[in-house]
Structures are given as structure tokens and as C-alpha cells.
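> Next input, structure requested:
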Amino acid sequence: MKKKSELTELGKYLILKSANKAEIYRKTSITESRLSLLSNDASTKLSGEELYLIALALDVEPGDMAKTIYKGVKLNTIAEQEALAAKSRKQKR
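Sure thing, here's the model as predicted:
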């Protein structure tokens, strides 16, 4: 049984902005099917160019849009950085 798809952060953003996918397509040439994939399938990755074009079509700042849809993306903690550095040193031996 296929799991019901959940909206991606981009999908939520487009709803928040009351975005019309047909209008975005006309302005950007990003197909409605691609926009649907980007909105509903977390394994479909948004390119920087697509983000920029969608932001222009919505008349929003691309950086503000990126901050909103990538709000969960964080740098590694100090502990994670140290663990990665130790792993890297170990592999070089």
C-alpha cells in the first residue's frame, strides 16, 4: 500500500503564497508536473536555478524563500564536526 504523500517545504510555501502552478509554469517554463513533484515528493530535489525562477515568478526575494523552505537545514554541531575530523584522520592513516 502506497503511503500518502506529504507536502514538501516548497509545497507548503506555494500554498502559503497562494501560488498558481500554471502561472509559475508560464513565467518559468518549469512544468506543472515538475512543480507537483517538487511540492509532494521529498526525494525530488529543488535546484538553485528552479528556486531562483520560482522566487522571481512569485515576486519574492530568493534568499527569503530559501530561508523559509530550508529552515531545517543546520550546520553540524561542534561534537559532530570533531567526530568527522577524527574519522577523516583515521582514514588517512
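
> Residues touching the top helix by length along the chain, excluding its own?
When the chain is scanned for its longest helix (criterion: DSSP state H), the result is helix 78-92. Helix 78-92 is contacted from outside by residue 76, using CB atoms under 8 Å, 6 or more residues apart in numbering. (Glycine included, C-beta is placed from N, CA and C.)

> Report the rounded mean pLDDT for it.
Taken as a whole, helix 78-92 has a mean pLDDT of 91.

> just stretch 16-36 next, same as before
Averaged over stretch 16-36, pLDDT sits at 97.

> thinking again about what came up before, determine how far the longest helix of the chain lies from the middle of the whole chain.
Mean C-alpha position of helix 78-92 versus that of the full chain (CA atoms, centre = their mean, to the nearest Å) differs by 28 Å.

> Need the phi and psi values for the spatially most central residue of the chain.
When CA atoms, centre = their mean is applied to the chain, the residue found nearest the centroid is residue 46 (5.0 Å). Backbone torsions of residue 46, given as degrees, to the nearest 10, read phi -80, psi 130.

> wait, it sits on residue 10?
Yes. Using CB atoms under 8 Å, residue 46 is in contact with residue 10, at 5.9 Å.

> Now do the shared contacts for these two.
Joint contacts of residue 46 and residue 10 (CB under 8 Å, 6+ apart) are 38, 69.

> elements contacting the one helix or strand residue 39 maps to?
Here residue 39 sits within helix 32-40, counting by DSSP states H and E. The contact analysis (3 or more CB pairs under 8 Å, 6 or more residues apart in numbering; DSSP states H and E) places helix 32-40 against helix 9-16, helix 21-28.

> Tell me the buried residues in the last one?
Pointing back at helix 21-28 there. For helix 21-28, the neighbour count (16 or more other CB atoms under 10 Å) marks 21, 24-25, 28 as buried.

> likewise the first one?
By 16+ other CB under 10 Å, the buried positions in helix 9-16 come out as 9-11, 13-14.
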